[in-house]
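K.L.:
Everything below, folded, please.
(chains A and B)
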Amino acid sequence: AQSVTQLDSQVPVFEEAPVELRCNYSSSVSVYLFWYVQYPNQGLQLLLKYLSGSTLVKGINGFEAEFNKSQTSFHLRKPSVHISDTAEYFCAVISPYSSASKIIFGSGTRLSIRP
Amino acid sequence: EAGVAQSPRYKIIEKRQSVAFWCNPISGHATLYWYQQILGQGPKLLIQFQNNGVVDDSQLPKDRFSAERLKGVDSTLKIQPAKLEDSAVYLCASSSQTGATEAFFGQGTRLTVV
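P.N.:
Numbering: from 1, shown residues only, chains lettered A, B, ... in the order given. The predicted model follows:
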């Protein structure tokens, strides 16, 4: 079975500052990893995904994430945040090799941007 | 391409009443998911369909929750009777197949049980 841990429930940062949202996963098999963003009163939107290949993945809105197999981590980063990045961010994992694979989400990190 | 459609967007009911949510996935998507997202938590999978068959319903409270996906397209999720702790956002998602590289989410239905 897979699991996801997001270490920070809230991350406050100043506008134009860099940010890192941490995510660790647990799995006995190879997995795909995702970051989703949820704006207030909206559904989840995919930011980026890691399937295989290059460990540095670039997504929408200037976000990127790095897959680290030895540390079982998939941290999300942005070099300079904007007020519009205020949202909840969810890390998720899925094993593509199971006939009943399902997407498992972390508990989320609320990113708040201060002007 | 049209996205995942859900209705209603908001619903307020009294405890012990029943309620139903509707989801129309992206055309051609074989896999459909229902997630429950309680305030301050990540989405939790309730049930997963592959076409019109159930793949996983291990976390569905079957004494009060039921779901169906007739003809492998639209799906409905029902709660009967509702409890206060059922207050949450119910998210529907679809993907082209099980284990696919991306699931697409609807905007969700916010249920408040009073």
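K.L.:
What strand or helix carries B:Leu32?
P.N.:
In the assignment (DSSP states H and E), B:Leu32 maps to strand B:31-37.
K.L.:
which strands and helices sit next to that strand?
P.N.:
When contacts are defined as 3 or more C-beta pairs under 8 Å, 6 or more residues apart in numbering or on different chains; DSSP states H and E, strand B:31-37 sits against strand B:44-50, strand B:75-79, strand B:88-95. Placement of C-beta: from N, CA and C, glycine included.
K.L.:
Can you say which of these is packed in most?
P.N.:
Each of the helices and strands packed on strand B:31-37 was scored by mean neighbour count; the highest is strand B:88-95, a mean of 24, by mean count of other C-beta atoms under 10 Å in any protein chain shown.
K.L.:
Alpha carbons of it, as CSV, please.
P.N.:
Extracted C-alpha coordinates of strand B:88-95, given in CSV (Å, rounded to 0.1, in the frame of the first residue of the first chain):
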residue,chain,number,x,y,z
ALA,B,88,-17.7,17.6,3.4
VAL,B,89,-16.9,18.4,-0.2
TYR,B,90,-17.6,15.4,-2.5
LEU,B,91,-15.3,15.4,-5.5
CYS,B,92,-15.8,13.4,-8.7
ALA,B,93,-12.8,12.6,-10.9
SER,B,94,-12.2,10.7,-14.1
SER,B,95,-9.3,9.2,-15.9
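K.L.:
what sits up against that strand?
P.N.:
Contacts to strand B:88-95, defined as C-beta atoms under 8 Å, 6 or more residues apart in numbering or on different chains, come from residues A:43-44, A:103, B:4, B:6, B:21, B:23, B:25-26, B:29-39, B:43, B:46, B:75, B:77, B:102-106, B:108-111.
K.L.:
so for it, what's the average pLDDT?
P.N.:
Mean pLDDT, strand B:88-95: 94.
K.L.:
before we move on, what about stretch A:22-36?
P.N.:
For stretch A:22-36, the mean confidence score works out to 92.
K.L.:
do stretch B:18-33 as well
P.N.:
On average, stretch B:18-33 scores 94.
K.L.:
Output the helices and strands packed on strand B:31-37 in JSON lines; the columns should cover distance to A:Thr72.
P.N.:
Shown next, in JSON lines, are those (distance: least, C-beta to C-beta, whole Å):
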{"stretch": "strand B:44-50", "distance to A:Thr72": "21"}
{"stretch": "strand B:75-79", "distance to A:Thr72": "33"}
{"stretch": "strand B:88-95", "distance to A:Thr72": "24"}
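K.L.:
Can you report how many residues lie near the residue lying closest to A:Phe14 once chain neighbours are set aside?
P.N.:
Leaving out its chain neighbours, the residue that sits closest to A:Phe14 by C-beta to C-beta, 6 or more residues apart in numbering or on different chains is A:Arg114, at 5.0 Å. Per other C-beta atoms under 10 Å in any protein chain shown, the neighbour tally for A:Arg114 reads 11.
K.L.:
so what's A:Arg114 up against?
P.N.:
So A:Arg114 contacts A:Pro12, A:Val13, A:Phe14, A:Glu15 (C-beta under 8 Å, 6+ apart).
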